[in-house]
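K.L.:
Sequence first, then the predicted structure, then my questions.
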Amino acid sequence: MRILVIGGGGREHAIVRKLKESPRTTGLYCAPGNGGIAKDAECVPIPVTDIPGVVRFAKDKRIDLVFVAPDDPLAAGMVDELEKAGIRAFGPNAKAAEIESSKVFSKGLMKKYHIPTADYEVFGDPRKALDYIRKQDTYPAVIKADGLALGKGVILAGNFDEAKAAVKTIMEDKAFGASGNRVVIEQFLTGPEVSVLAFTDGKCVKPMVSSKDHKRALDGDKGLNTGGMGTISPNPYYTPEIAEICRNTIFLPTIRAMRQEGRPFKGCLYFGLMLTPDGPKVIEYNSRFGDPETQVVLPRLKTDFVDILEAVVDERLERQPVEWRGEACACVVMASGGYPKRYKKGVEITGLDADGQIPGATVFHAGTALRGGRYYTNGGRVLGVTALGKDLPEALKKAYAGVDKIHFEDAQYRHDIGK
Ligand code: AMP
Ligand code: GLY
């Protein structure tokens, strides 16, 4: 199989690595990829939003399967266009991807099919949104832009003034463009968060091992929300009993609901859950693999990844085994100083070998560039230093030992991943 992966972050590096393990992979391309991915796949400079460019390249290179990893091209219909051109693709079509790209759609779906989630209201008028917040008078108020917003479209406002500023940012200043034409205002929930990625072919759902993200920039869950500063798998809060509840009240009902709505979801569906005192509830759906969840989930996959992807695309997942290693996995993200706000690029990274790796851990590259045999920072999240271990403490110890070997100016990482 000749496979093309769309994307260029740590998640895509983990995907490329797993595909490379399969004896069925004979050609591996990544668009656009990054400095580290370049050691594992042929990187091609096509932006992830260039749908005609991807279709053309896939035809030229006789690609057998395109793996569309990021949210933007999924929402824009890259899978639809590839399929029209007769090219097989892993990922949902645009109609199914709306489960992530429109919170108004996903909240409506959950309401209609009685899938547990926070109570909410939708507003298209900023004044009405603020009237509602004033009347509710409960804080934090949770304010979410309807559309995609690079993980920054959720604002937890601690008082009315903060809520007013949030509504202004999203709906009037249009900080996230048309994504802020409508907002969802929802009930504040509490409890540990769990990420569960699941393979689904639209009929059958096979959840992967659980994980836990660390979204805040600083130790002790302080600082701004980021794309994710580190992950562990399994998530210690996600017991077999809770998994069973989630399967029956969330996973199966969601797959059924999407089918019933004429939007069967094929690909990886990401359930962002909160284990509230009233039971597990959905915080969000993503129409794709999570980043950096993928970095700790895929290393634990025992079954041939290509076999599973094909079973999803061909809608025969029911008969496809999916097996996992018992070991735990941890990923510590090293980011550029200042992330998620302003940061410098082009800073040299030292401590990596010629392949961008170190002994004792796997380094998934996120924002790196390779020039003249040297690695440089090229984004906010730079590296995901990842290790398997017999248990979480061992995996974390190995990942942090790896972090200690790598240096770049103003590197920033959390010291309490998995704590
Ligand atoms: P999202 O991008 O939807 O995952 O939201 C980002 C983060 O905001 C989540 O990981 C939660 O920590 C928090 N969050 C979102 N919705 C709620 C809610 N209803 N109650 C409490 N926290 C929330
Ligand atoms: N790590 C959260 C996400 O991928 O959306």
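P.N.:
Okay, I see it. Residues are numbered from 1 along each chain as shown. Ligands and ions are numbered 1, 2, ... in the order given.
K.L.:
C-alpha from now on. contacts and neighbour counts both.
P.N.:
Fine.
K.L.:
So Val44 sits against Ile37, correct?
P.N.:
No - the criterion here is Cα atoms under 8 Å, and Val44 misses it with Ile37 at 10.8 Å.
K.L.:
higher neighbour count, those two?
P.N.:
Ranked by neighbour count (other Cα atoms under 10 Å), Val44 and Ile37 place Ile37 first, with 31 against 17.
K.L.:
Please report the distance of the more buried one from Ala335.
P.N.:
Remark: distance between Ile37 and Ala335 (Cα to Cα, to the nearest Å) = 17 Å.
K.L.:
and stretch 111-120, how far apart are its ends?
P.N.:
9 Å.
K.L.:
wait, stretch 170-177
P.N.:
By Cα to Cα, one end of stretch 170-177 lies 8 Å from the other end.
K.L.:
For that stretch, give the mean pLDDT please.
P.N.:
Averaged across stretch 170-177, pLDDT comes to 94.
K.L.:
go on, stretch 231-243?
P.N.:
Rounded mean pLDDT across stretch 231-243 is 98.
K.L.:
now do stretch 277-289
P.N.:
97.
K.L.:
what do you get for stretch 51-60?
P.N.:
98.
K.L.:
roughly how far out does that stretch sit from the chain middle?
P.N.:
24 Å (Cα atoms, centre = their mean, to the nearest Å).
K.L.:
Ok, stretch 35-42 next?
P.N.:
On Cα atoms, centre = their mean, the centre of stretch 35-42 falls 20 Å from the chain's centre.
K.L.:
Please spell out which residues along the lengthiest helix in the chain are buried.
P.N.:
Using DSSP state H, we find that the single longest helix of the chain is helix 392-405. For helix 392-405, the neighbour count (16 or more other Cα atoms under 10 Å) marks 392, 394-396, 398-403 as buried.
K.L.:
So which residues make contact with stretch 269-285?
P.N.:
The contact list for stretch 269-285 (Cα atoms under 8 Å, 6 or more residues apart in numbering) reads 99-100, 106, 115-118, 189-200, 242, 245-246, 250, 286-290.
K.L.:
can you pull the contacts of Ser233?
P.N.:
209-212, 296-297, 328-330, 392.
K.L.:
Could you rank those residues by neighbour count and give me the top one?
P.N.:
Busiest of the contacts of Ser233 [other Cα under 10 Å] is Ala330, holding 36 neighbours.
K.L.:
Now do the SS call for the closest residue to that one other than its chain neighbours.
P.N.:
Nearest non-adjacent residue to Ala330, counting by Cα to Cα, 6 or more residues apart in numbering: Ile232, 4.4 Å away. Per DSSP: H, G, I helix; E, B strand; the rest coil, the secondary structure class of Ile232 is strand.
K.L.:
Can you give me the distance of Ile232 to Ile417?
P.N.:
The gap separating Ile232 from Ile417 is 8 Å, by Cα to Cα.
K.L.:
Same drill for these two, tell me which one is more crowded.
P.N.:
Ile232 (30 against 22).
K.L.:
Is Gly91 in contact with Met78, as I believe?
P.N.:
No - look at Gly91 against Met78 with Cα under 8 Å: they stay out of range, at 9.1 Å.
K.L.:
how about the residues of the stretch 201-350 of the chain near ligand 1?
P.N.:
283-284 (Cα under 6 Å from any ligand atom).
K.L.:
Contacts for stretch 57-68, please.
P.N.:
1-7, 74, 78-79, 87-91.
K.L.:
helix, strand or coil for the residue nearest to Lys39 when sequence neighbours are not counted?
P.N.:
Nearest non-adjacent residue to Lys39, counting by Cα to Cα, 6+ apart: Asp355, 6.1 Å away. Put simply, Asp355 is coil when judged by three-state DSSP.
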